[in-house]
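In: here is my input, please return the structure:
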Amino acid sequence: MSTLSRVAERIYWTGRYIERAESTARLISVNANLLFDFPKRTTLGWRPLVEIVGAPDGFDERYNAATEQNVVRFLASDSENPGSILSSIENARENARTVRDQMPRFGFELINELYLYAADALTGSLSRLRRAEVLGEITGQVQRLEGFLSANMAHGAPWIFFRLGNHLERADMTTRLIDVRSSDLFADLYESDRDLSPYQEIQWRSVLRSLYGLQTYRAAMGQGLEEDQVLRFLFTDPEFPRSYARCLMSIRTSLRSLARSERPLRSANRILRQLAKVEFDEPIDLHSFVDACQVDLADLHNEIGKTYFYFRPRLTRRKKT
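Out: Numbers count the residues shown, from 1 in each chain. Below you'll find the model as predicted:
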């Protein structure tokens, strides 16, 4: 691998790991926030979160039950889980350390501060309230970092690769957050005879809040939280920064600024064309649709890798099928 390819790959993965840490914090928050909205006797499942991030085997090797405490520890601070918040921040710091000359010095200092905070704050047992504070602080520090880099890092090739990784991971994690809604989180409710519409609306509201999209959704779609409208917004809205389509449009814009981008551009355009054909007014198998989106994103990642990083192995989905 040439020096330029190595630098590009490490900046790309810095962007991915930073976004993964923030999005995993959001994923935990989606589930946790539902605890405050549903009846006290409602049983909330935590196992689906392990399935959604594609790590059931790793979890089962180290934990004997998918309790709230075990799942949160696995997703937040488990150093043996490469997708945990702490592991993601540590990997981001290591990648950024090797390419510090490609970003403003204070940018690396912010990444290092984020790691030191997470390593300290995520250790030990946390109350739900304290956990919410820590996850919120991690999200805030990531946003501060990205805002600083956007305003102060030269928008040349290193920045473009950082944003490529950032937006591809964001698209992937947005689909995973949506998949929380398609998972069997409330088996006791779904097996009962009660009207589920109020509970479904609560779940959709929680997903939108986790993406800081509830206010934007209401401005664009109105007050109702119908499934087809929420899905259309989260998958296709061209202006919402965390929608699936907007992430892909940002990836396409970044690729157009790079040389030799024909193959990954074709992949991005193909995904957008497929998305435009989806009829959200009609019932869809949400879990299968999300799964297909993640296959497409893995293919796009591999096209970027083959074009710029000269690696051969394909990245498979982190989601177990």
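In: worst-scoring helix or strand of this protein, pLDDT-wise?
Out: Within the chain, no helix or strand scores below helix 187-190, which has a mean of 48 by mean pLDDT, DSSP states H and E.
In: can you give me the buried ones in the helix or strand following that helix?
Out: Going down the chain from helix 187-190, the next helix or strand is helix 197-210, by DSSP states H and E. Residues of helix 197-210 classed as buried by neighbour count (16 or more other Cβ atoms under 10 Å): Tyr199, Gln200, Glu201, Ile202, Gln203, Trp204, Arg205, Ser206, Val207, Leu208, Arg209, Ser210. From N, CA and C alone the C-beta is placed, and that goes for glycine too.
In: quick one: mean pLDDT over the one helix or strand Leu49 maps to.
Out: Leu49 belongs to helix 47-52 when assigned by DSSP H and E. For helix 47-52, the mean pLDDT works out to 85.
In: quick check, distance from that helix to the centre of its chain.
Out: Distance of helix 47-52 from its chain centroid, counting by Cα atoms, centre = their mean, to the nearest Å, is 14 Å.
In: which neighbouring elements make contact with that helix?
Out: helix 3-37, helix 68-76, helix 157-182 (3 or more Cβ pairs under 8 Å, 6 or more residues apart in numbering; DSSP states H and E).
In: let me know which of those is tucked in deepest.
Out: Between the helices and strands packed on helix 47-52, helix 157-182 has the highest mean count of neighbours, a mean of 23, where neighbours are mean count of other Cβ atoms under 10 Å.
In: that helix to helix 197-210, inter-axis angle?
Out: Angle of helix 157-182 versus helix 197-210, following axes from the mean of the first three to the mean of the last three Cα atoms, to 10 degrees, is 170 degrees.
In: helix 157-182 vs helix 3-37, what angle?
Out: Using the same axes, to 10 degrees, helix 157-182 lies at 30 degrees relative to helix 3-37.
In: point out where the stretch 51-200 of the chain drops to low pLDDT.
Out: 181-199 (pLDDT under 70).
In: mind running it again at 90?
Out: Scanning the stretch 51-200 of the chain for pLDDT under 90 picks out 51-54, 123-126, 128, 176-200.
In: so what's the gap between stretch 58-70 and the chain middle?
Out: With Cα atoms, centre = their mean, you get 21 Å for stretch 58-70.
In: what about it, start to end distance?
Out: By Cα to Cα, to the nearest Å, the extent of stretch 58-70 from end to end equals 12 Å.
In: how about that stretch: buried residues?
Out: Using 16+ other Cβ under 10 Å as the test for burial, stretch 58-70 gives Gly58, Phe59, Tyr63, Ala66, Glu68, Asn70.
In: out of the helices and strands packed on helix 47-52, flag the one nearest Ser267.
Out: Closest of the helices and strands packed on helix 47-52 to Ser267 is helix 157-182, at 11.0 Å (criterion: Cβ to Cβ).
In: what packs against that closest one?
Out: Partner elements for helix 157-182 (3+ Cβ pairs under 8 Å, 6+ apart): helix 3-37, helix 47-52, helix 128-152, helix 197-210, helix 227-236, helix 244-256, helix 286-308.
In: what strand or helix carries His155?
Out: Short version, using DSSP H and E: His155 is in no helix or strand.
In: which phi and psi does it have?
Out: Backbone torsions of His155, given as degrees, to the nearest 10, read phi -90, psi 50.
In: now Met103
Out: The phi/psi pair for Met103 (degrees, to the nearest 10) is phi -140, psi 160.
In: who's in contact with it?
Out: Contacts for Met103 (Cβ atoms under 8 Å, 6 or more residues apart in numbering) come out as Ile11, Ala96, Leu149, Met153, Pro158, Phe162.
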